[in-house]
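1. got a sequence here, can you build the structure:
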Amino acid sequence: REPRAGMSDTQGEPAQKKLTIWIVNQYAYTPSENAGTRHFSFARGLREAGHDAHVVSSSFYHKGRRQVYLADDGPVLKGDVDGVPYVWLRTPAYTGNISRLWNMSVFGARLLLGQASRHLPRPDVIMSTSPSPLASAAALLLARRFRCKHVLEVVDIWPATLRDVSGLSGFHPLYAVLRTLERALYQGTDAIITHLGGAREHFVASGANPQKCHYLPSPIPFADIPPHEPPPAGDRFRFIHAGAMTPSYALDQILDAVDIMVAEDPNAVDRFSIDFVGEGVLMDQLQARVDASGYREVVHFRGTVAKADILTVLAEADGFLVVSKDLDVHRFGVSFNKIFDSMLVGRPIILANRAKGTPVERAQAGIIVEPEAPAQLARAMTEMMAWQPDERERVGRANRDYVLERHSLEGWVEQLMGVLKGLGQG
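-> Residues are numbered from 1 along each chain as shown. Sure thing, here's the model as predicted:
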């Protein structure tokens, strides 16, 4: 029997409509860059589900502070990355916050002027990410122009994050402008999606309709997941911290914790090691402190690791350190990629952050301490080192099972389709 038009051939339910979706994020990096590839993964997952997803991003690589995709003077480049269509818009280089805002403005202006639109099919949905709020404002206006739905994905709450990290005053005119834009986005978009567990109250307080707000757990961005392996045998308990070495993570607290552990027991340095995986503006400063403290045999700097190799490198750890500054904005939630990477390789985690509802808390994935509290961090490291191997293995396997079950890309696509169905799409 042939199914009726618009019906599935298995359950007699309406077949899912194929949607054309633009994913607008000027920091949507590809697997060739050692940076977040979440939006590449979003597009890949949507295309595997039968939808026509396209990514619109910037030519300027934020982490490396360099132009990557547009070597010539052209304003736009269309390409394909492992089956995912990309459009890159040229944006100027930047070093500080003011020039970065100019970079965001140029991206938003090029988007609004149609420099990406002419290379893309007409959308059913435009999904944009904050930050950048300027790009999201342009995406919202484009959605109204094309009479399609707009979905705002909130990864960081701006300008609150900018205020907390850079010290921008809440009374500064720039903060007032960005806060007004933030409220307009929450009120004007058709739906808000976020992986920040406590952000809903902020959206509603800013004027968003509560029915627009949806929590979607962040999916793991890996297509090929290796099997679980126990950590390699060794005389030292190996901690790994993976990620950018920037002021927002306050990495000195890790070295402060080492100072405390050594002051309490000079022989402690023989029982553990710490590997920093990644680079950033604080790398030289941290290396200089390690050299001056005599910890070169304990603390190692391994530089940036290719995205394709990161899980293999992380599997060398016995446990992970995930730390941050004590930022007020974190009360709305955090969802660092490094948490999911650590859970995926099946190791316990020490998290120094005050956010509620983190994956570490939900999965009971390790030990949580206050941020920028090195004495607490030192005690947690000592405690984890004392765990029996079978306890570390139990927690590690539970972490891996949790993230595979609750943070799959397929599950994220299914939940997004549920949001879009509620908007009359999908």
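2. give the next helix or strand downstream of the lowest-mean-pLDDT helix or strand in the chain.
-> Sorting the helices and strands of the chain by mean pLDDT, DSSP states H and E puts strand 66-67 at the bottom, at a mean of 62. Downstream of strand 66-67, the next assigned helix or strand under DSSP states H and E is strand 76-81.
3. what does that next one contact?
-> With C-beta atoms under 8 Å, 6 or more residues apart in numbering as the test, strand 76-81 has contacts from 30-32, 40, 59, 69-70, 85-90, 110, 115-116, 119. To be clear about C-beta, it is placed using only N, CA and C from the backbone, and glycine gets the same treatment.
4. tell me what the helix or strand following that strand is packed against?
-> Toward the C-terminus, strand 76-81 is succeeded by strand 84-89 as the next helix or strand (DSSP H and E). Under the contact criterion of 3 or more C-beta pairs under 8 Å, 6 or more residues apart in numbering; DSSP states H and E, strand 84-89 touches helix 38-48, strand 52-58, strand 76-81, helix 97-112.
5. same question for strand 84-89, mean pLDDT?
-> Mean pLDDT, computed over strand 84-89, is 93.
6. so where do the strands sit in the stretch 251-400 of the chain?
-> Secondary structure of the stretch 251-400 of the chain, counting by DSSP state E, counting those that start in this stretch: strands at 272-277, 299-303, 319-323, 349-352, 366-369.
7. could you check the angle the third one makes with strand 272-277?
-> Spelled out, it's strand 319-323. 60 degrees (axes from the mean of the first three to the mean of the last three C-alpha atoms, to 10 degrees).
8. going along the chain, name the helices of the stretch 151-300 of the chain.
-> In the stretch 151-300 of the chain, helices defined by DSSP state H, counting those that start in this stretch lie at 160-166, 173-188, 200-205, 252-264, 283-293, listed in chain order.
9. contact partners of the last one?
-> Pointing back at helix 283-293 there. Contacts of helix 283-293 (C-beta under 8 Å, 6+ apart): M245, L251, D252, L255, V258, D259, F276, R296, V299, F301.
10. try it again at 10 Å.
-> 244-246, 251-252, 254-256, 258-259, 262, 274, 276, 280, 282, 295-301, 303 (C-beta atoms under 10 Å, 6 or more residues apart in numbering).
11. now that helix: buried residues?
-> Using 16 or more other C-beta atoms under 10 Å as the test for burial, helix 283-293 gives M283, L286, Q287, R289, V290.
12. for the stretch 1-150 of the chain, which spans come out with low pLDDT?
-> 1-16, 34-36, 62-73, 97 (pLDDT under 70).
13. ok, back up a step: mind giving me the ChimeraX select for the contacts of strand 76-81, buried ones only?
-> For the buried members of the contacts of strand 76-81, the matching ChimeraX selection, counting by 16+ other C-beta under 10 Å, is:
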select :30,31,40,59,69,70,85,86,87,88,89,90,110,115,116
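14. columns mean pLDDT and distance to D326 on top of the helices of the stretch 151-300 of the chain, output as TSV?
-> Output for these, formatted as TSV (pLDDT from 0 to 100; distance: least, C-beta to C-beta, whole Å):
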stretch	mean pLDDT	distance to D326
helix 160-166	81	9
helix 173-188	92	20
helix 200-205	94	18
helix 252-264	95	10
helix 283-293	93	19
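15. TSV for these, including distance to G79?
-> Output for these, formatted as TSV (distance: least, C-beta to C-beta, whole Å):
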stretch	distance to G79
helix 160-166	30
helix 173-188	29
helix 200-205	35
helix 252-264	39
helix 283-293	31
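16. looking at the ones you listed, which is closest to I98?
-> helix 173-188 (8.9 Å; C-beta to C-beta).
17. and stretch 94-108, how far out from the chain middle?
-> The chain centre lies 20 Å from the centre of stretch 94-108; the measure is C-alpha atoms, centre = their mean, to the nearest Å.
18. so what touches that stretch?
-> Contacts of stretch 94-108 (C-beta under 10 Å, 6+ apart): 24-27, 56-60, 62, 65, 75, 89-93, 115-116, 128, 131-139, 141, 162, 165-166, 168, 174, 177-178.
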